[in-house]
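[1] Provided below for reference: sequence and predicted model.
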Amino acid sequence: MTEPMPLTAEQFLPVAVAMARREQQQKDGLTLILAPLPNCPACARSAVEVHASETRFPDDTLSLLFRPCGHRFTVAADMGYEVARLAEEIATREEREGGDLLAEYIPPAGEKVSIGQPEPPVFVIALHSDDGTLIVGIRPDGSIQQGPNYQPDAAAAEFWDAVTRAAHSAAPWTEQASG
Ligand SMILES: [Zn+2]
């Protein structure tokens, strides 16, 4: 058994988006052919199952187990809620606008700040409203900045539960979880 690895916001976002896409499809009544499960953040192997621990807002840490590779991860609750909220926003936008919008939210790996640019990017992940106002951003150190219109509300808790549910339903080719 491997030691669980804590995920950063950048690592968790693609996982959360993959779950959010599936959740969105299930809301739409699609249950046979769902969007792919996320790749394992450690080994990049595609998953056939992702198990998530039961969590409860606001103070549980989410545990994830990827199969077949067996890598285990933990997601800190406060960061996880914010990332899950962004993931839901991305999945909703994708359904409306089409395409893969995840890349818009994460700078390409290894991208360097150009010379002469006064400051490095403030956020590794940021969500802006249509007029460009920051809603919420996550800094490289994992801290969170909230914009004037940000509402840390029941929606975050609700979606956190949805991510957990999506992970639980993410094993259609193996044994069904009971209950
Ligand atoms: Zn792995």
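    That came in fine, so what should we check first? Residues are numbered from 1 along each chain as shown.

[2] residue contacts, E95?
    Residues counted as contacts of E95 (C-beta atoms under 8 Å, 6 or more residues apart in numbering) are 24, 28. Using the backbone N, CA and C atoms, a C-beta is placed for each residue, glycine as well.

[3] what's the helix or strand for it?
    Using DSSP states H and E, E95 falls within helix 77-97.

[4] report the buried residues of that helix.
    Across helix 77-97, burial judged by 16 or more other C-beta atoms under 10 Å covers 77-91, 94.

[5] what's the first helix or strand after it?
    Later in the chain than helix 77-97, the nearest helix or strand by DSSP H and E is strand 125-128.

[6] surely S129 and I135 touch.
    Yes - assessed by C-beta atoms under 8 Å, S129 is found in contact with I135 at 5.6 Å.

[7] neighbour count: the two, which is higher?
    Higher neighbour count among S129 and I135: I135, with 17 against 12, using other C-beta atoms under 10 Å.

[8] need the three-state assignment for that one.
    Classification of I135 by DSSP: H, G, I helix; E, B strand; the rest coil places it in strand.

[9] same deal with V17?
    When classified by three-state DSSP, V17 comes out as helix.

[10] how close does it get to M5?
    19 Å (C-beta to C-beta, to the nearest Å).

[11] again with A42
    According to C-beta to C-beta, A42 stands 6 Å off from M5.

[12] what residues do these two have in common as contacts?
    Shared contacts of A42 and M5 (C-beta under 8 Å, 6+ apart): 71, 73.

[13] next one, pLDDT for G142 please.
    pLDDT, G142: 69.

[14] what residues does the chain have near the ion?
    Counting by C-beta under 5 Å from the ion, the residues of the chain close to the ion are 40, 42-43, 69, 71.

[15] for T74, what are phi and psi?
    Dihedral pair for T74: phi -120, psi 150, per degrees, to the nearest 10.

[16] isn't it right up against D60?
    No - applying C-beta under 8 Å as the test, T74 and D60 come out as separate, 10.4 Å apart.

[17] so where's this protein shaky on pLDDT?
    Low-confidence segments of the chain, defined by pLDDT under 70: 1-2, 30-32, 55-59, 106-122, 142, 149-179.

[18] cutoff 50 now
    112-119, 172-179 (pLDDT under 50).

[19] who has more neighbours, V17 and M5?
    Each of V17 and M5 has its neighbours counted (other C-beta under 10 Å); V17 has more, 26 against 14.

[20] distance check, that one against A84.
    Separation of V17 from A84 (C-beta to C-beta): 10 Å.

[21] K27 too?
    Remark: distance between K27 and A84 (C-beta to C-beta) = 15 Å.
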